[in-house]
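Dropping the sequence and predicted coords here.
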Amino acid sequence: MASKSYRASETQPGRGSILPGVTFARRTSSGRYVNLSRDSLDSEISGIEFSNYTVQIPPTPDNQPMDPSMSQRVEEQYVSSSLFTGGYNSVTRAHLMDKVIESETSHPQMAGAKGSLCAVPGCDGKVMSDERGEDILPCECDFKICRDCYVDAVRTGDGICPGCKEPFKNTDLAANDVEPGQPLPLPSNVGMSKMERRLSLMKSTNRSTLIRSQSGLKRSQTGVDFDHNRWLFETKGTYGYGNAIWPNDGGLANEESSEPPELLNKPWRPLTRKLKISAAILSPYRLLILVRMAVLGLFLEWRISNPNEDARWLWLMSVICEIWFAFSWLLDQLPKLCPVNRATDLNVLKEKFETPSPANPTGKSDFPGVDIFVSTADPEKEPPLVTANTILSILAADYPVDKLSCYVSDDGGALLTFEAMAEAASFANLWVPFCRKHEIEPRNPESYFSLKKDPFKNKVRPDFVKDRRRVKREYDEFKVRINGLPDSIRRRSDAYNAREEIKAIKLQRETAGDEPMELVKVCKATWMADGTHWPGTWVVSAPEHSRGDHAGIIQVMLKPPSDEPLQGTTVDSSPLDFAEVDIRLPMLVYVSREKRPGYDHNKKAGAMNALVRASAIMSNGPFILNLDCDHYIYNSEAIREGMCFMMDRGGDRICYVQFPQRFEGIDPSDRYANHNTVFFDVNMRALDGLQGPVYVGTGCLFRRTALYGFDPPRSKDYHSGCCSCCFPRPKKGVSISSAPDEHRALRMGDSDDEEMNPSIYSKRFGNSNFLIDSIPVAEFQGRPLADHPAVKNGRPPGALTIPRELLDASTVAEAISVISCWYEDKTEWGNRVGWIYGSVTEDVVTGYRMHNRGWRSIYCVTKRDAFRGTAPINLTDRLHQVLRWATGSVEIFFSRNNALLASPKMKLLQRIAYLNVGIYPFTSVFLIVYCFLPALSLFSGQFIVQTLNVAFLTYLLVITLTLCMLAVLEIKWSGIELEEWWRNEQFWLIGGTSAHLAAVLQGLLKVIAGIEISFTLTSKSAGDDNDDEYADLYILKWSSLMIPPITIMMTNLIAIAVGFSRTIYSAIPQWSRLLGGVFFSFWVLAHLYPFAKGLMGRRGRTPTIVFVWSGLIAITISLLWVAINPPAGNNEIGGSFQFP
């Protein structure tokens, strides 16, 4: 049977596509490549025509194939040590890495881990190893042999050991031997294909099938029936009452058997509960909202009916602004009518998923898998040390190790990020067991060792002090290695490039002879630690090695762990005693998607969609947690907290669980409202009482099928409208039981009657059969546990206790193909499937699409912060951050994602909340006008009303008091502080007069002129002053965004001086108009105080440009007013003005 090299362009759509092949290559110490294909043979036969073929030899007594389980484990070890590259119209290659980083790696799961070398002459491969990294020696003479040489010896060498020249007595290598005292595991599905093993889970959705799987009706890999007696003896299991649920007729054919009374009478223990806000707070809060709405209506009616005849232009501008402000306040306030708090019960979660039960007699973890995405793009602006600490906190999370996978997306394809991740994986060998042993919190080493509280509090182990001191020393060395990587890569690359240049010169001399030689030009490549070219972006850009032009890369840094706990050892070589600690690590994968010129790669959204597809092929966790590279897991149980909502009754209708964003390194006064507590603790809690919070880009646990664009289960049972803004009503007489069980929850369509036909999946998801086949598996594994009749659309308990399948070369090769630049062509990725394209705020749009299909989301506020990150604390970066958010909102407003076009599945108040997201930047136009009105009033001597009468002052007083009372009640039910509320009000005006206005202009330019908007990453590096923790606060980089606020401040200050002078020296002083104008001017200046303080810098470091602009603006305003209203008479300010 002929085997061809796999090219992305050769993949055929549909079910009959050819499985991808992989070209393996390994560079020996002598510099020669050892390959398993004809693609890279030496040049002497390169011109010969040949065809690749494989000869199939049937098994004979002298040709016994390797045991399937053992061969799969060896292949997984082989795959995890390979760097996979490929992409559009190119061969997928697997480059065997002898070493990933300069330092030695010892953990057996890590790529390039140190091990013994093969003793066969002429071979420098590594000896096969087990889960602990110990050598697997198939012969009793302990001859060290690698996997390739062993296969050759068994298949072509008559099974003779190259060392002792005796036949191998055992080719099984006892891969599945059971240790004494350990229970016998249930038989695995080794003989089945990968997709058959996956789909077999989904087909076991009823309880009778579960009984058959637990009763051992499957066959083992050797074809022998499962030994029930041994299983009953060694696991102390029982069959019958109390252990299995038998149908009433005693048979297994009755699929619709009624539930036994024991299950029906079992009390339901929910995983979550809703905590209502106290009526003593919520009722007055709602009443005040209605009162203020009525007062605003009456006030606007009074303002319209009582114009200022002396200055109608001033009155008209003020009325228009006030009407818009009332409308904007209404959009912001109405979604806050139903705030809720929620709580989780982790003890019940552990009891349901990790406690021995009749359905899970061994007590193995029944949790669904979770794939964690970490995105980074530029190691210069996102320091690798920050990303490495985030990875370490993920690897140490308190979640079943074999159910956790971490994917790092390096959208820049930088070798610096690659080696930093490898260093993090190496250090995790020490850090993760240390955290588990001593229950460390937080599990980010940088944050942990920077804690100012007593680190020894509540630590009872006597060796904690010694362990902590050792880990601290190792972490300091780890930081030195990370920070030294740029220089190390540069020196290494310079050395290899110099060697290549010398070789080229020698070759030129040999071929040229006495002829004059031209200057040899050798490309300045970037070299990996094993002495080969880096396939991604080079430091000196070159064709196919630049930021926008490089191959797709996948490297399994840490291969999938074994399904059984692996205890540490007490040998002297181990720095710490981990004898009672599980030393396994979650799977860690480095991914850099392919980039080519001419393709729109869609920034972060495109990178996230590439991770969705790659993870579906490699691990297919039904849930996805996405984190920014500077947001780490602060609470190791955060994933369990989110899983409580997903696995609770009705959790299958939850598309995502959003956690609040908490920040470190913010100045104590929070000058620029970086904590954003009003949004995260007020608005988001309020939305949780409706259809759920919006997605804010990080710290969010997704359901994979919701990202795929499917409708929620039982979507026909629910509908919403104006009368069901808070509570959906079930439809009557609707049944969907006729749909196939495995596709009942997979519906995609704008119409309730449209069902998703699996035959057209390829048109939506692409032509990867692996990806398409993984969809129903992910849906089934993400269902709640059907441990009670009240749970609808559940999965049987114990269905996820089987080990995950092992990685093979075809799986990773398929993952390479789905991250290629061409894969999304003519599919719905970015349109309906995955993260949505077309906006700089792809997070809000993605969440909106899910809510628009009827999904609901949950806001999970934990007692201990779930995640923590960093935020820009200097004024310039903060304004640019707000500009990016506001620009995305303007794009949403002018797109089909406008909430005015939402489907009936979205609740009314949720629609109003999304409408406010798209409209709030436009408030800046009216806000800037209103901020100039006090100055115009003082300049002109007029006011927005004819006189300050009792009616106006009463309305003003009531509106102000109701606003303050609402703020106090919001503080009560949300738990924020008054200072935080005031900081939010201040920055609302600062952002509204600067970034929001620029966002409106940019959005209009994009809509009208088609000018695209581009943004750069916010730098996450510290300031120059290393002695000051908040040095960044005083960094001021001039930006055009600062011009409008400076103009407003200067105008109001000049206007106050002019107004006082006019009133004092006027024959008939108009004190009421002066007080009105001065009061509102001070209101504006009080809100702009943090902005003015930021301009001043520190210790006389105010930029000269600030003084220049202030002077120019002051002079311009003065001359402009003199030109508009020239002085006339001795009583006017002007040329005839004289001091008394």
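Structure received.

The residue lying closest to residue 1005 once chain neighbours are set aside: what secondary structure?
In space, and not counting its chain neighbours, residue 1005 is closest to residue 1011: 4.6 Å by CB to CB, 6 or more residues apart in numbering. The C-beta positions use only the backbone N, C-alpha and C, and glycine is treated the same way. Assigned with DSSP: H, G, I helix; E, B strand; the rest coil, residue 1011 falls in the coil class.

Likewise for residue 119?
Using three-state DSSP, the secondary structure recorded for residue 119 is coil.

which residues does it contact?
Neighbour list for residue 119: 143, 144, 145, 162, 163 [criterion: CB atoms under 8 Å, 6 or more residues apart in numbering].

Got the confidence number for the residue nearest to residue 1005?
Per-residue confidence (pLDDT) for residue 1011: 74.

Then residue 868?
Looking at residue 868, its pLDDT stands at 94.

right, and the helix or strand after whichever helix or strand residue 1077 is part of?
Residue 1077 is located in helix 1071-1087, with elements delineated by DSSP states H and E. For helix 1071-1087, the following helix or strand on the C-terminal side (DSSP H and E) is helix 1089-1096.

quick one: buried residues of that next one?
Buried residues in helix 1089-1096, defined by neighbour count with 16 or more other CB atoms under 10 Å: 1090, 1091, 1094, 1095.

May I see those residues arranged in CSV, with distance to residue 696 as well?
Below are these laid out as CSV (distance: CB to CB, whole Å):
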residue, distance to residue 696
1090, 23
1091, 25
1094, 25
1095, 29
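
Mind putting those into JSON lines with distance to residue 969 and pLDDT?
Conversion of these to JSON lines gives the following (distance: CB to CB, whole Å; pLDDT from 0 to 100):
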{"residue": "1090", "distance to residue 969": "25", "pLDDT": "88"}
{"residue": "1091", "distance to residue 969": "29", "pLDDT": "89"}
{"residue": "1094", "distance to residue 969": "31", "pLDDT": "82"}
{"residue": "1095", "distance to residue 969": "35", "pLDDT": "81"}
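
can you tell me which residues contact residue 618?
Residue 618 touches 405, 587, 589, 807, 811, 812, 815, counting by CB under 8 Å, 6+ apart.

Count the residues that sit near the fourth one.
Spelled out, that is residue 807. 25 (other CB atoms under 10 Å).

mind listing what the closest residue to it other than its chain neighbours touches?
Nearest residue to residue 807, sequence neighbours excluded (CB to CB, 6+ apart): residue 76, at 4.6 Å. Contacts for residue 76 (CB under 8 Å, 6+ apart) come out as 559, 560, 806, 807, 808.

Next, format those residues as CSV and append secondary structure.
Listed next are these as CSV, based on three-state DSSP:
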residue, secondary structure
559, coil
560, coil
806, coil
807, coil
808, coil
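
Specify which member of the residues you listed is nearest to residue 868.
Taking CB to CB as the measure, residue 868 lies nearest residue 560 of the contacts of residue 76, at 28.4 Å.

Looking at the backbone only, give me phi and psi for the spatially closest residue to the closest one that is not a sequence neighbour.
Nearest-residue entry for residue 560: residue 587, 4.6 Å, with adjacent residues in sequence omitted and distances by CB to CB, 6+ apart. Torsion angles at residue 587 (phi, psi; degrees, to the nearest 10) stand at phi -70, psi 130.

these two touch, right, residue 127 and residue 143?
No - counting by CB atoms under 8 Å, residue 127 does not reach residue 143; the two are 9.8 Å apart.

intersection of neighbour lists for these two?
residue 137.

Do a quick rundown of the strands in the stretch 801-950 of the chain.
856-859, 867-870 (DSSP state E, counting those that start in this stretch).

no wait, the stretch 551-700 of the chain
Assigned by DSSP E, counting those that start in this stretch, the strands in the stretch 551-700 of the chain fall at 552-558, 587-592, 623-628, 632-633, 654-658, 662-664, 700-703.

a strand runs through residue 424, doesn't it?
No - assignment of residue 424 by three-state DSSP gives helix, placing it outside any strand.

can you tell me how far the residue lying closest to it once chain neighbours are set aside sits from residue 428?
The shortest distance from residue 424 to any non-neighbouring residue, by CB to CB, 6+ apart, is to residue 388 (3.9 Å). Distance of residue 388 to residue 428, given as CB to CB, to the nearest Å: 10 Å.

cool, residue 1054 as well?
For residue 1054, the distance to residue 428 - CB to CB - is 61 Å.

higher neighbour count, these two?
Shown here are residue 1054 and residue 428; by other CB under 10 Å, residue 428 has more neighbours (27 against 18).

who's in contact with that one?
So residue 428 contacts 107, 391, 392, 395, 396, 558, 585 (CB under 8 Å, 6+ apart).

Tell me if I'm right that residue 775 and residue 707 touch.
No - between residue 775 and residue 707 there is no contact under CB under 8 Å: 10.9 Å.

Show me the shaky parts of the stretch 201-350 of the chain.
Within the stretch 201-350 of the chain, the stretches with pLDDT under 70 are 201-267.

For it, which segments count as helices?
Using DSSP state H, counting those that start in this stretch, the helices assigned to the stretch 201-350 of the chain run over residues 207-214, 228-235, 261-264, 279-305, 312-333, 346-353.

Looking at those helices, which is nearest to residue 889?
Nearest to residue 889 among the helices of the stretch 201-350 of the chain is helix 312-333; the distance by CB to CB comes to 12.5 Å.

Including secondary structure, could the contacts of residue 428 go into TSV?
Converted to TSV, these look like this (three-state DSSP):
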residue	secondary structure
107	coil
391	helix
392	helix
395	helix
396	coil
558	strand
585	coil
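
and the residues you listed, which are buried?
Among the contacts of residue 428, those buried by neighbour count (16+ other CB under 10 Å) are 107, 391, 392, 395, 396, 558, 585.

got the contact list for the last one?
Going by CB under 8 Å, 6+ apart, residue 585 touches 107, 109, 395, 401, 425, 428, 429, 432, 558, 561.

can I get the residues you listed in a markdown table with distance to residue 501 and pLDDT?
Below are these laid out as a markdown table (distance: CB to CB, whole Å; pLDDT from 0 to 100):
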| residue | distance to residue 501 | pLDDT |
| --- | --- | --- |
| 107 | 37 | 63 |
| 109 | 39 | 68 |
| 395 | 41 | 96 |
| 401 | 47 | 94 |
| 425 | 33 | 93 |
| 428 | 38 | 93 |
| 429 | 38 | 91 |
| 432 | 43 | 94 |
| 558 | 37 | 91 |
| 561 | 44 | 90 |
